[in-house]
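Participant: just coords:
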């Protein structure tokens, strides 16, 4: 196992001590990516390790559009969008758009900023999941936040007709999974949009 692989394994495992020691020895590790190109910050976010995610974000400093959307750094996101407005319509190496990441992680101000910058709420992920921003919003674990994001997306032109039954099934399934996880305390983390 390479140093990068070992570091990313500690990130996805949520081993805050190991990640902290590694970053103290080599701060450039915060910018590492897995073999698919997914950043350490996003890997920690997907795994639901907020403390690791935040530590990586502090060490990395300059978050890209995907990381800023996922962690909810609306100040950094505004700076990236000012410099690279087209990034609002881009796809991360794993196929998710910044708007889908903002929605999945419940980052309403970031989602609003991305839509204001031209993000298309109907663009599906460029991967096998093909989820839209609306799917990601409906899957958010907090029903009130999910509802607020869904309303925003519908106001901004998100289409239901293509996603109707699938979206409803996704929402019901998401609520059941969240309740089971909260009840069982399985620690599985956030997941991916």
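Facilitator: Received it, and whenever you're ready, just let me know what you need. If you're wondering where the values come from, they're calculated on a predicted model, not measured in any experiment. Residues are numbered from 1 along each chain as shown.

Participant: Other residues contacting the helix or strand hosting residue 78?
Facilitator: Following DSSP states H and E, one finds residue 78 within helix 74-83. Helix 74-83 has contacts (C-beta atoms under 8 Å, 6 or more residues apart in numbering) with 62-65, 68-69, 87-88, 98, 107, 109-110, 113-114, 117. C-betas here are computed from N, CA, C, even on glycine.

Participant: Which pLDDT value belongs to residue 116?
Facilitator: If you check residue 116, the pLDDT there is 97.

Participant: Might you list the low-confidence residue ranges for the chain?
Facilitator: 161-192 (pLDDT under 70).

Participant: Swap in 90 and give it another go.
Facilitator: 1-2, 61, 129, 160-193 (pLDDT under 90).

Participant: Which parts of it are helices?
Facilitator: 3-13, 16-25, 40-47, 50-60, 65-71, 74-83, 98-104, 108-116, 133-138, 143-155, 164-184 (DSSP state H).

Participant: and the ones you listed, which is most packed in?
Facilitator: helix 98-104 (a mean of 32; mean count of other C-beta atoms under 10 Å).

Participant: Just give me how far that helix sits from the chain centre.
Facilitator: Mean-position distance between helix 98-104 and its chain equals 6 Å (C-alpha atoms, centre = their mean, to the nearest Å).

Participant: For residue 14, see how far away the residue of the chain most remote from its centre is.
Facilitator: Using C-alpha atoms, centre = their mean, the residue of the chain lying farthest from its centre is residue 25. It sits 27.4 Å away. Separation of residue 25 from residue 14 (C-beta to C-beta, to the nearest Å): 19 Å.

Participant: Out of the helices of the chain, the one nearest residue 34 is which?
Facilitator: helix 3-13 (5.5 Å; C-beta to C-beta).

Participant: tell me the angle of the closest one relative to helix 16-25?
Facilitator: Interaxial angle, helix 3-13 versus helix 16-25 (axes from the mean of the first three to the mean of the last three C-alpha atoms, to 10 degrees): 140 degrees.

Participant: Show me what helix 3-13 is packed up against.
Facilitator: Helix 3-13 sits against helix 16-25, helix 40-47, with contacts defined as 3 or more C-beta pairs under 8 Å, 6 or more residues apart in numbering; DSSP states H and E.

Participant: Using CSV, lay out these together with distance to residue 141.
Facilitator: Listed next are the helices and strands packed on helix 3-13 as CSV, based on distance: least, C-beta to C-beta, whole Å:
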stretch, distance to residue 141
helix 16-25, 22
helix 40-47, 13
